[in-house]
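> here you go, sequence then predicted model.
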Amino acid sequence: MSRKRTSLLLFSDDKEISSHVQAALANVAGLKMKAEDVSVSNINGKAFDLAAQNDIVVFATDPENAADVATIRRLDDERQDNAIFLALTDSSITLASARALTDAGVDEVLPYPISNEELSRHVEKWIKKQGTRAGAAGDREGAIIPVVQARGGIGSTTVAVNLADHLLAPKSRFRKEASNRVALVDMDFQFGSVGDFLELEPQEAIFQMAAGGLIPDAMWIEQSMAETEKGLQVLTAPSDFVPLDAITERQISALIQNLRKTNDYVVVDLPRALVPWIQPVMDDADQMIIVTDTTVPAIRSAKRLIEFYKTDNPNLHVEVVINHEKKPMVQAHHHKEAARALDVRFEHWLPHDEKAARASVDFGKPLSAVAGSSGLNKAISALARSTMKALPSVEHATH
């Protein structure tokens with residue numbers, strides 16, 4: 001089953017227009033929307049890069065403004081394949097003005113004011129057309145799954161590594177080749193230990209990327225990723241400390257975009273630090289997994305993190321994983337209070353199994369290889385099955 005998410009970026013410095021568009025498109029299936037509070041003629045730098053990375057770009061523009069038209073023309077030169085440009089402009093626009101916008105690269109000019117129903121209908125029409133084109137081209141995007149820790153030492157790396165391992169989904173008990181292409185990225189560039197969990201050497205590619213200001217492309221990724229014997233692609237942390245301010249949002253955005261083009265699932269083990277370059281990961285996230293326990297400090301921290309990450313991505317789906325605790329037959333009062341505080345249901349519980357976890361780390365292999373019958377491995381396997389059901393794997397032309 002294939003799945004294509006559509007990203008939409010709105011440029012408008014008019015808060016009324018911005019609110020109207022976001023309300024009109026809030027319930028459009030498969031659409032992820034973001035708004036930039038900037039006029040078209042003032043688009044530059046980060047905003048310019050964002051426009052080049054989205055499937056649909058909507059401009060609130062005045063075609064009589066030559067600077068607006070010139071900016072749209074420049075954006076058209078940089079837009080990604082299959083991207084759509086829509087312009088919202090005064091309903092009294094002349095035919096000549098509309099032609100100026102289409103000549104600059106706009107695919108459709110829409111009158112404003114416009115009803116919610118009409119705007120959503122136009123956007124859905126373009127999403128459908130994009131899906132048809134992408135299907136013909138074999139252009140499919142994998143799911144981005146960041147893993148976040150509510151507190152230090154909670155076991156988020158154990159979850160990330162073994163979730164990625166189970167997402168490979170061997171075709172059968174006797175046919176060990178993977179059904180899915182999966183990448184695992186250690187974004188704790190200073191203290192990451194994903195490589196230790198899988199007996200992989202540190203990769204210096206991230207350090208070189210930071211030092212040289214390189215923007216990762218497909219070739220860089222191919223040369224930088226290590227591969228386990230089961231076929232898991234892994235980008236490990238470097239052996240040298242990388243200054244957190246040496247990494248840019250543009251670099252991480254390019255890394256994520258390239259990885260999702262060639263993988264069904266991209267699992268990202270995030271650092272504890274809340275640094276700006278995490279934003280592209282969360283912007284593209286299909287599902288965030290936060291690993292916690294049910295102690296009061298951990299639940300409070302989890303709540304703050306969920307609220308923080310949902311600020312710019314209110315539709316972000318969050319799965320809470322309770323670690324070091326077997327699923328109870330009947331949840332205790334403190335469990336119910338914790339679930340109520342986070343406004344979620346606790347579906348995933350990982351039993352405390354120090355022996356299995358220690359064996360995995362000591363041998364540098366996933367739980368499935370050294371403790372397949374353990375309750376911990378079975379629980380993470382169930383988490384992977386739930387994830388694959390919620391985010392069906394993507395058929396790639398490279399398969």
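Cool, the structure landed.

> which residues of this protein score low on pLDDT?
Counting by pLDDT under 70, the ranges of the chain that qualify are 1-4, 131-140, 171-176, 314, 394-399.

> the most centrally placed residue in it and residue 146: what is the separation?
Centroid-nearest residue in the chain: residue 285, 2.3 Å away (criterion: C-alpha atoms, centre = their mean). As judged by C-beta to C-beta, to the nearest Å, residue 285 and residue 146 stand 5 Å apart. From N, CA and C alone the C-beta is placed, and that goes for glycine too.

> can you list the domain ranges for this protein.
6-137, 143-390 (automatic domain parsing).

> how far does the longest one stretch from start to finish?
Yep, that's domain 143-390 we're talking about. 10 Å (C-alpha to C-alpha, to the nearest Å).

> residues contacting the closest residue to residue 225 other than its chain neighbours?
Among residues not flanking residue 225 along the chain, residue 233 sits closest, at 4.6 Å (C-beta to C-beta, 6 or more residues apart in numbering). With contact taken as C-beta atoms under 8 Å, 6 or more residues apart in numbering, residue 233 is in contact with 181, 182, 183, 184, 225, 226, 227, 263.

> take these and keep only those in helices.
Among the contacts of residue 233, no member is found in helices (DSSP state H).

> out of those, which is most surrounded?
In terms of neighbour count, residue 184 stands highest of these at 31 neighbours, by other C-beta atoms under 10 Å.

> rewinding a little: dihedrals phi and psi, the residue nearest to residue 225?
phi -90, psi 130 (degrees, to the nearest 10).

> same question, residue 234
Dihedral angles (degrees, to the nearest 10) for residue 234: phi -130, psi 130.

> now it: how far from residue 371?
On the measure of C-beta to C-beta, residue 234 and residue 371 end up 20 Å apart.

> check residue 129 too.
49 Å.

> now residue 103
64 Å.

> pretty sure residue 119 sits against residue 24.
Yes - in terms of C-beta atoms under 8 Å, residue 119 counts as a neighbour of residue 24; the distance is 4.4 Å.

> the more surrounded of the two?
Neighbours per residue (other C-beta under 10 Å) separate residue 119 from residue 24, with residue 119 holding more: 22 against 19.

> more neighbours: which of residue 129 and residue 371?
Taking other C-beta under 10 Å, residue 129 and residue 371 do not tie; residue 371 has more neighbours (21 against 13).

> SS state for the closest residue to that one other than its chain neighbours?
Spatially, and ignoring its direct neighbours in sequence, residue 371 is nearest to residue 356 (3.7 Å; C-beta to C-beta, 6+ apart). Here residue 356 is recorded as helix under DSSP: H, G, I helix; E, B strand; the rest coil.

> separation between residue 356 and residue 367?
6 Å.

> for the stretch 101-250 of the chain, what spans make up the helices?
Taking DSSP state H, counting those that start in this stretch as the criterion, the stretch 101-250 of the chain contains helices spanning 116-137, 156-167, 194-197, 205-212, 218-224, 249-262.

> same list (the ones you listed) but as a markdown table, adding distance to residue 298.
Shown next, in a markdown table, are those (distance: least, C-beta to C-beta, whole Å):
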| stretch | distance to residue 298 |
| --- | --- |
| helix 116-137 | 39 |
| helix 156-167 | 12 |
| helix 194-197 | 22 |
| helix 205-212 | 29 |
| helix 218-224 | 34 |
| helix 249-262 | 27 |
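
> ok, and which of the ones you listed has the densest surroundings?
Mean neighbours per residue, mean count of other C-beta atoms under 10 Å, is largest over the helices of the stretch 101-250 of the chain for helix 156-167, with a mean of 26.

> alpha carbons of it, as PDB, please.
Extracted C-alpha coordinates of helix 156-167, given in PDB (Å, rounded to 0.1, in the frame of the first residue of the first chain):
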ATOM      1  CA  SER A 156      14.800   5.800  24.200                       C
ATOM      2  CA  THR A 157      17.800   4.600  22.200                       C
ATOM      3  CA  THR A 158      16.800   1.000  23.100                       C
ATOM      4  CA  VAL A 159      13.400   1.700  21.700                       C
ATOM      5  CA  ALA A 160      14.600   3.500  18.600                       C
ATOM      6  CA  VAL A 161      17.200   0.800  17.700                       C
ATOM      7  CA  ASN A 162      14.800  -2.200  18.200                       C
ATOM      8  CA  LEU A 163      11.800  -0.400  16.600                       C
ATOM      9  CA  ALA A 164      13.900   0.200  13.500                       C
ATOM     10  CA  ASP A 165      14.900  -3.500  13.600                       C
ATOM     11  CA  HIS A 166      11.400  -4.700  13.700                       C
ATOM     12  CA  LEU A 167      10.200  -2.300  11.000                       C
END
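
> name the residues that touch it?
So helix 156-167 is contacted by 145, 147-149, 180, 182-184, 186, 192-194, 197-198, 230, 232, 264-265, 267-270, 289, 291, 321, 323, 350, 357, 360, 366-368, 377, 380-381, 383-385, 387-388 (C-beta under 8 Å, 6+ apart).

> list only buried entries from these.
Buried members of the contacts of helix 156-167, scored by 16 or more other C-beta atoms under 10 Å, are 145, 147-149, 180, 182-184, 186, 192-194, 197-198, 230, 232, 264-265, 267-270, 289, 291, 321, 323, 350, 357, 360, 366-368, 377, 380-381, 383-384, 387-388.

> ok, residue 12 - contacts?
For residue 12, the contact set (C-beta under 8 Å, 6+ apart) comprises 18, 21, 35, 36, 37, 38, 39, 58, 59, 60, 88.

> so which of those residues belong to helices?
18, 21.

> pick out whichever of the contacts of residue 12 sits closest to residue 74.
Within the set of the contacts of residue 12, residue 59 lies nearest residue 74; the separation is 12.5 Å, counting by C-beta to C-beta.
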